[in-house]
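Chemist: Here's a sequence, model it:
(one chain, ligands or ions: 1)
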Amino acid sequence: MPAARLEVRNLCAGYGPTRIISDMTFQAAAGERLAILGRNGMGKTTLLATLMGIATQQGGRIVFGDSDVTGLATSLRARLGAGYVPQNRDIFPSLTVEENLSAGLKGRPRAALDEAYVLFPRLAERRRHFGLQLSGGEQQMLAMARTLLGHPSILLLDEPLEGLAPVICDELMEAITQLGTGGHVTVLLVEQQIERALDFADRVLVLERGRAAWQGPAAGLRSDRALVERLLGVGVH
Ligand SMILES: Nc1ncnc2c1ncn2[C@@H]1O[C@H](COP(=O)(O)OP(=O)(O)OP(=O)(O)O)[C@@H](O)[C@H]1O
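Modeler: Residues are numbered from 1 along each chain as shown. Below is the predicted model of the structure:
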């Protein structure tokens with residue numbers, strides 16, 4: 001599936017009647033790399049979960065490509081091209097790497113598994129290992145590769161680097177960058193490692209208490225240390 005545009009208009013969302021996301025409007029062009037940043041608890045995970053139809057959309061519109069997906073079930077959104085790698089990685093612990101990957105094939109031939117092994121050679125070495133035997137980094141690679149096998153047009157990544165050693169973060173960011181560079185998929189990256197996210201992204205959306213506090217080019221945010229400090233409470237180099 002080719003990369004798709006994402007349009008979010010006046011989105012309100014949360015859990016049941018509890019409001020977490022308020023009146024949020026933003027877009028990602030087809031093939032764009034959008035980093036979603038914000039301090040802890042500002043609503044980043046809830047935003048991705050709402051885009052997937054997991055959290056409750058209370059108002060506004062979500063459009064993937066030409067399809068308004070407001071009100072659609074998660075499975076239909078996946079069929080329309082959304083690929084979601086949640087923060088908890090969600091792999092099957094008692095299935096092997098190969099079996100986990102097969103679950104992402106969505107009817108494609110088994111030979112397509114090689115795409116995952118080319119992207120992450122470690123997974124090829126571990127193909128007969130069970131999910132529970134993998135390191136945190138390998139689990140993240142597996143979760144990402146399984147989603148990518150479905151050829152998403154919009155990829156939602158929730159803190160893929162959380163809890164991983166710097167060398168593994170390097171490896172994962174290289175793969176994510178490789179994916180994003182071809183423009184074949186629109187990538188939304190939620191990440192706490194601000195520098196890595198800014199290195200990757202074309203544009204940035206910063207959340208504050210469930211609202212869009214700032215959006216613009218990654219380079220613009222990086223060059224304004226005072227703004228980064230105010231929005232995110234951290235420094236950048
Ligand atoms: N299932 C839930 N039911 C009710 N409230 C929830 C639920 N999950 C999260 N929240 C609340 O929603 C708010 C936003 O949480 P969310 O996980 O979206 O933030 P976040 O920006 O992703 O944080 P972090 O960076 O810590 O992962 C928090 O106040 C959190 O307590």
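Chemist: Can you name the residues of the protein that neighbour the ligand?
Modeler: Residues of the chain that fall close to the ligand, judged by C-beta under 6 Å from any ligand atom: Y15, T18, I20, G38, N40, G41, M42, G43, K44, T45, T46. Where you see a C-beta, it was placed from the backbone N, CA and C, and this is true even at glycine.
Chemist: let's go with 5 Å and repeat that
Modeler: Residues of the chain that fall close to the ligand, judged by C-beta under 5 Å from any ligand atom: Y15, I20, N40, G41, M42, G43, K44, T45, T46.
Chemist: which of the residues you listed sit farthest apart?
Modeler: Y15 and N40 (17.0 Å; C-beta to C-beta).
Chemist: if I look at the residue positioned nearest the centre of the chain, how far off is T74?
Modeler: Nearest to the geometric centre of the chain sits L157, at 1.6 Å (C-alpha atoms, centre = their mean). Plainly put, L157 is 17 Å away from T74 if you go by C-beta to C-beta, to the nearest Å.
Chemist: same deal with S94?
Modeler: S94 is 23 Å from T74, by C-beta to C-beta.
Chemist: Could you give the backbone dihedrals for the residue nearest to the centre of the chain?
Modeler: phi -120, psi 120 (degrees, to the nearest 10).
Chemist: Quick check: the gap between it and the ligand.
Modeler: In this view, L157 and the ligand are 12 Å apart by C-beta to the nearest ligand atom, to the nearest Å.
Chemist: can you pull the buried residues of the helix ranked longest in the chain?
Modeler: Using DSSP state H, we find that the single longest helix of the chain is helix 166-181. Across helix 166-181, burial judged by 16 or more other C-beta atoms under 10 Å covers I168, C169, E171, L172, M173, A175, I176, L179, G180.
Chemist: For that helix, list the C-alpha coordinates in PDB.
Modeler: Extracted in PDB, the C-alpha atoms of helix 166-181 (Å, rounded to 0.1, in the frame of the first residue of the first chain):
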ATOM      1  CA  PRO A 166      21.900   2.800  23.300                       C
ATOM      2  CA  VAL A 167      23.400   0.400  20.800                       C
ATOM      3  CA  ILE A 168      20.000  -1.300  20.200                       C
ATOM      4  CA  CYS A 169      18.400   2.200  20.000                       C
ATOM      5  CA  ASP A 170      20.900   3.000  17.200                       C
ATOM      6  CA  GLU A 171      20.000  -0.200  15.400                       C
ATOM      7  CA  LEU A 172      16.200   0.400  15.700                       C
ATOM      8  CA  MET A 173      16.500   4.100  14.600                       C
ATOM      9  CA  GLU A 174      18.500   3.100  11.600                       C
ATOM     10  CA  ALA A 175      15.700   0.700  10.500                       C
ATOM     11  CA  ILE A 176      13.000   3.300  11.200                       C
ATOM     12  CA  THR A 177      14.900   5.900   9.300                       C
ATOM     13  CA  GLN A 178      15.400   3.500   6.400                       C
ATOM     14  CA  LEU A 179      11.700   2.900   6.300                       C
ATOM     15  CA  GLY A 180      10.800   6.600   6.600                       C
ATOM     16  CA  THR A 181      13.300   7.700   4.000                       C
END
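Chemist: Starting from it, tell me the next helix or strand along the chain.
Modeler: Toward the C-terminus, helix 166-181 is succeeded by strand 186-190 as the next helix or strand (DSSP states H and E).
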